[in-house]
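Chemist: Coordinates for the following, if possible.
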Amino acid sequence: MTANVEAAASTVDVLIVGAGPTGLTLACQLARFGVRFRIVDKQSDRARESRALGVQARSLEILQTLGLGEALAVRGRTTTRLMFHVDRDAPVAIDLGAVPRKDTRFPYILFVSQSDTEAVLGGCLEAAGVPVERRVELVRLQEEPASVACVLRHADGREETVHTSYVAGCDGAHSTVRKAAGIAFEGGAYPQTFALGDVEADGDLVPQSLNAFARGRGVAMFFPLGHPRTWRVMAMEGVVPRPSTNAHDTVATEELSLEELQAMVDVPAGGAVRLHDPAWLTRFRLHHRQAVTYRQGRVFLAGDAAHIHSPVGAQGMNTGIQDAWNLGWKLALVSRGLADPRLLDSYQSERWPVGRTLLNATDRVFSLFARAAASGGWVTWLRRVMIRRVVAPAVSSPRLRAVAFHLVSQLGVTYRETSGVIDGEPTMANGPRAGDRLPDAPIVRDGQHTWLQQALDSPHLHLLLCGPTSGWNAREVLRLADRFPELLAIHHLDREPASGALVDAGGEAFSRLGVEETAVYLIRPDGHIAFRCGGTALNGVERFLATWFAARAALQ
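Modeler: The predicted model follows:
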């Protein structure tokens, strides 16, 4: 090992620590805005294991803003079946396919490995000419009056000091950034032991389907990984849950042998599945924790560094991606002098409640699930009856599936009632409110069929003027564009073809926006509505912009 030689200090706007899906998403957004940043990771390579397997609709919309959603979708499966093996009879089939929802291009859960998600994001970052600096570890940080001094240790032992305006800790549950910032990580651990691995398997498995075994105590889940005999398996021992509240518990993983995993699978599967040729195996415990704050001065937390919970509903990685998407544009505009630094406070007020709600919901669902899986006797019989006669028919209902999809897809995440969003005057009775996600709809732009979200996907705030183009005061529109050049992109949405307008001939966009005649929508770079009002007056949105953003600023 080479001696620790201090390298010359460098300066950036943002230092991202951690290059998983959260850190990579943040890096891709900062690159779009032209921000000076670096992204480091102490691991030598990206994840090669399957790990997270579900990408939700809202995450796909975010990735599509980067041109990646559809590219990722072709790597995975947009429909699958859950085969519930609850006894020796034929398994109960539950369809987990697409749902009838028209306000998104991605009305499904995409089943794809985390390694594919990271590969797609990494390719985007490579195309932007930004490398992930691997085998580079943050060893300490010190906040200064106008920056944070971060000491990085390289693989050869060399240490380097980086002065950065902001640090983003995307470095997972063991976050060095969180610990260095002194941010408490409150919560506890579940008592169940889990086993995880990618293996070859033979036996009572339905190909290309998610197979769940609950014939006895515990549970074993098999996720297809492409090859007919290759599976991601997760097994849980049947233990009555008594969640720990010890704040000093760590998120530990342990080595696992194939024999031990087989023993954990045998009980719920009734010996019907044999495992062999493992690619990797691990044993772990699930935790439910959240950082007490996502911001400490110039230090921010996102993803697993900020919150960890059970994998119920495939929410973890997706929530991290959306943390990054919320934070990235704010860091970018503040770093470039285009926004008031107060804008950064909205990251905590918007994303911390989302993490808390998610933590509470997954904790309740997992606790019920774990208790049922741990019970025997009449509870086992009841579980079989409920799955066959209640759960399967309920999931087959389009209405109930739509409700469930709204919850797990994260399309319903909203930032209403937070300081950075406003419903202006005159108020609107219908449509998404300030803080809500902008719904998608098919439109025509320059004679080409496209989608509303895609038309508003450049790194700007987007002012959407809804109604006949001739109804707007051209001088007021030009003045607004002149006050906020480079920050604001202005669009007209019209039902009739007009020069330069986005055309909604079928009226779907107007309907989903709740617009009867005319309306003003200001869309943030993360796809959420910052301001809206009825009518054609622009003084309300102009005051809003002047409150949060720098007038007559320009990107350098």
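Chemist: Break the protein down into its structural domains.
Modeler: 6-75+112-188+289-366, 191-285, 422-548 (automatic domain parsing).
Chemist: Redo these as TSV? Include mean neighbour count and distance to Ala402.
Modeler: Quick note: C-beta positions are derived from backbone N, CA and C, even for glycine. Putting these into TSV (neighbours: other C-beta atoms under 10 Å; distance: least, C-beta to C-beta, whole Å) gives the following:
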stretch	mean neighbour count	distance to Ala402
domain 6-75+112-188+289-366	20	12
domain 191-285	17	20
domain 422-548	18	14
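Chemist: Could you dump these into CSV and include distance to Gly412 and mean pLDDT?
Modeler: Shown next, in CSV, are those (distance: least, C-beta to C-beta, whole Å; pLDDT from 0 to 100):
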stretch, distance to Gly412, mean pLDDT
domain 6-75+112-188+289-366, 9, 91
domain 191-285, 24, 79
domain 422-548, 8, 95
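Chemist: what's the closest of these to Pro398?
Modeler: domain 6-75+112-188+289-366 (16.4 Å; C-beta to C-beta).
Chemist: Could you report the neighbour count for the residue nearest to Leu210 when sequence neighbours are not counted?
Modeler: Leaving aside its chain neighbours, Leu210 sits nearest to Leu82 (4.8 Å; criterion: C-beta to C-beta, 6 or more residues apart in numbering). Taking other C-beta atoms under 10 Å as the criterion, the count of residues near Leu82 is 19.
Chemist: Val408: which of the domains of the chain is closest?
Modeler: Of all those, domain 6-75+112-188+289-366 comes closest under C-beta to C-beta, at 4.5 Å.
Chemist: Surely Arg532 is within a helix?
Modeler: No: read with DSSP: H, G, I helix; E, B strand; the rest coil, Arg532 is strand and lies in no helix.
Chemist: Next, the contact list for it, please.
Modeler: Arg532 is in contact with Asp423, Gly424, Met428, Gly431, Pro432, Arg433, Ala434, Ala519, Val520, Tyr521, Leu522, counting by C-beta atoms under 8 Å, 6 or more residues apart in numbering.
Chemist: so what's it bridging to?
Modeler: Arg532 forms beta bridges with Asp423, Tyr521, as assigned by DSSP bridges.
Chemist: With Ile39 instead?
Modeler: Beta bridges link Ile39 to Ile16 when assigned by DSSP bridges.
Chemist: Quick check on Ala361: phi, psi?
Modeler: Dihedral pair for Ala361: phi -70, psi -50, per degrees, to the nearest 10.
Chemist: Sheet-wise, list the partners of the helix or strand hosting Gly188 with their directions.
Modeler: Element membership for Gly188 (DSSP states H and E) is strand 185-189. Using DSSP bridges, strand 185-189 pairs in its sheet with strand 287-291 (antiparallel).
Chemist: Figure out which of the domains of the chain is closest to Lys102.
Modeler: Closest among the domains of the chain, using C-beta to C-beta: domain 422-548, at 7.6 Å.
Chemist: wouldn't Leu121 be in contact with Cys28 here?
Modeler: Yes: contact criterion C-beta atoms under 8 Å: Leu121 and Cys28 qualify, at 6.2 Å.
Chemist: contacting residues around the residue nearest to Gln453 when sequence neighbours are not counted?
Modeler: Excluding the flanking residues, the one nearest Gln453 by C-beta to C-beta, 6+ apart is Asp440, at 4.6 Å. Asp440 is in contact with Glu61, Asp103, Thr104, Arg105, Trp451, Leu452, Gln453, counting by C-beta under 8 Å, 6+ apart.
Chemist: Grab the nearest non-local neighbour of Pro107.
Modeler: Spatial nearest neighbour of Pro107, excluding adjacent residues (C-beta to C-beta, 6+ apart): Arg101 at 4.4 Å.
Chemist: quick one: what helix or strand has the one you found in it?
Modeler: Using DSSP H and E, Arg101 sits in no helix or strand.
Chemist: how far away is it from Arg401?
Modeler: 10 Å (C-beta to C-beta, to the nearest Å).
Chemist: Confirm that Arg356 sits in a strand.
Modeler: No: applying three-state DSSP, one finds Arg356 to be helix, outside a strand.
Chemist: can I get the contacts of Asp440 in JSON lines with distance to Leu407 and secondary structure?
Modeler: As requested, those are exported to JSON lines (distance: C-beta to C-beta, whole Å; DSSP: H, G, I helix; E, B strand; the rest coil):
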{"residue": "Glu61", "distance to Leu407": "16", "secondary structure": "helix"}
{"residue": "Asp103", "distance to Leu407": "15", "secondary structure": "coil"}
{"residue": "Thr104", "distance to Leu407": "14", "secondary structure": "coil"}
{"residue": "Arg105", "distance to Leu407": "19", "secondary structure": "coil"}
{"residue": "Trp451", "distance to Leu407": "23", "secondary structure": "strand"}
{"residue": "Leu452", "distance to Leu407": "23", "secondary structure": "helix"}
{"residue": "Gln453", "distance to Leu407": "21", "secondary structure": "helix"}
